[in-house]
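# predicted model and sequence follow; I will ask about them next.
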Amino acid sequence: MTTEYLRPIPLTDPARTDAALTLAGGWVRFTHVEVLSRHAAPRIVPAADVAPEALAPFLAPRAPFGGLTLDRPRLMGILNVTPDSFSDGGRHAATEDALARAEAMRAQGADLIDIGGESTRPGAPDLPVAEEIARVAPVIEALAARAFPLPLSLDTRKSAVARAGLAAGVGIVNDVSGLRHDPDLAGVTAAAGAGLIVMHSIGTPETMQGLAAEAYGDVLLDVYDALAQCVAQAEAAGLPRARIMVDPGIGFGKTLDQNLALLRRLSLFHGLGCGVLLGVSRKGMIGTIAGVPEAAARAPGSAAIGLWGIAQGMQMLRVHDMEQHRQALALWQALAAAGPTGP
């Protein structure tokens, strides 16, 4: 297990310094790193004082993922074809409604679409494989039949569902269980030449929130170690690191304070050498902090945390409210871009 962890301290100001290093080939720079440990207080050191081999995972540009370059932030549109998802259950369960929603998100600026047939909200029960396939396969097949131009991702924990989705036309599998629910999923994804997103979670959707308070010694470092193990598991199944993306799993088996601890130091996860996805859209912590009980009304708070994630170098945001996030991201990019200092 790692004893010291490096976290690049992100810089996004348009003023540049020659001493700054580029983080993961993207839009964030850094001159210093925070050294974290389970047994000592954090300390800050110049990046120039860090051994080149320790800096290497932070400096290597990320390879394209699912056909998308990761040198700029990407927006993943959520398409739930479920009757019981926490904020939009039932709205897109019919195939024609799902197709219309996918087209709308494409028009609003989505870079890819993530299709899910099983709700993994806190407390959700397990869904039989056949029922999950029956929900997602017609939508994937219909999008493929009309030559839908964006990459498709399938949100599933199950290798049988992944196999059906990959055969129907998806190029990415998004596993919220981090290969804990069905270890065969990595091999199925590898054999198809597809990309894999692995998210950190604990327990099952039914049990995870009840486990959160006692699950971690240091939530930030525990989640990092768990994702490192998950990436190693996927590599052992035949997936190169370039085809793996990680997700710290905000809201999945974490308390409010644990979520905030992860969000404050998201740049740590670049040390895994993979692209990093952040999924916070409409989640309960936004309602708690901002006082918004209705999940569908949390777009402003979702976009605010999304921009924080972009400033930490997150390569992808998974979102419900595409137009709000597109606008927020466009303005952030215009302000953060380096340019002339004159009028």
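Great, that's in hand. Numbers count the residues shown, from 1 in each chain.
# only C-alpha atoms from now on, for both contacts and neighbour counts.
Noted.
# quick check: mean pLDDT of stretch 160-179?
Here stretch 160-179 scores 97 as its mean pLDDT.
# and for stretch 118-137?
Averaging pLDDT along stretch 118-137 yields 88.
# where do the strands of this structure begin and end?
Using DSSP state E, the strands found in the chain span residues 4-8, 21-22, 29-30, 32-37, 43-46, 74-80, 112-116, 152-155, 172-175, 195-199, 244-247, 275-278, 316-319.
# compare the ones you listed and give me the one nearest residue 217.
For residue 217, the closest of the strands of the chain is strand 32-37, at 11.8 Å, according to Cα to Cα.
# flag every buried residue along stretch 48-66.
55, 57, 58, 59, 60, 61, 62, 63, 65, 66 (16 or more other Cα atoms under 10 Å).
# show the backbone phi and psi for the fifth one.
Backbone torsions for residue 60, taken as degrees, to the nearest 10, come to phi -70, psi 120.
# hmm, it is touching residue 25, no?
Yes - Residue 60 is within contact range of residue 25, at 6.4 Å (criterion: Cα atoms under 8 Å).
# least confident secondary structure element in the chain?
helix 208-211 (a mean of 90; mean pLDDT, DSSP states H and E).
# and that one, which residues are buried?
Result for helix 208-211 [16+ other Cα under 10 Å]: buried residues 208, 209.
# equivalent analysis for stretch 166-181, please.
Judged by neighbour count (16+ other Cα under 10 Å), stretch 166-181 contains these buried residues: 166, 168-181.
# also stretch 203-221?
So, applying 16+ other Cα under 10 Å, buried residues of stretch 203-221: 203, 204, 205, 208, 209, 212, 215, 219, 220, 221.
# separation between residue 160 and residue 70?
Residue 160 sits 29 Å away from residue 70, taking Cα to Cα, to the nearest Å as the criterion.
# comparing those two, which residue is more hemmed in?
Using other Cα atoms under 10 Å as the criterion, residue 160 and residue 70 rank with residue 70 on top: 21 against 18.
# what sits against the residue nearest the centre of the chain?
The geometric centre of the chain, computed from its C-alpha atoms, lies nearest to residue 277 (Cα atoms, centre = their mean), at 2.2 Å. Contact analysis of residue 277 by Cα atoms under 8 Å, 6 or more residues apart in numbering lists 245, 246, 247, 248, 314, 315, 316, 317, 318.
# verify the stated contact: residue 95 with residue 139.
Yes - with contact defined as Cα under 8 Å, residue 95 counts as touching residue 139 (5.5 Å).
# between the two, which has more neighbouring residues?
In this view residue 95 and residue 139 are compared by other Cα under 10 Å, and residue 139 has more residues nearby, 24 against 18.
# residues in contact with that one?
Contacts of residue 139 (Cα under 8 Å, 6+ apart): 95, 98, 99.
# where does the stretch 1-150 of the chain have low pLDDT?
1, 84-93 (pLDDT under 70).
# can you pull up the bridge partners for the residue nearest to the centre of the chain?
residue 316 (DSSP bridges).
# what's the spacing between it and residue 32?
Separation of residue 277 from residue 32 (Cα to Cα) stands at 23 Å.
# please apply the same query to residue 326.
Residue 326 sits 30 Å away from residue 32, going by Cα to Cα.
# likewise residue 141?
Computed as Cα to Cα, the residue 141 to residue 32 distance reads 48 Å.
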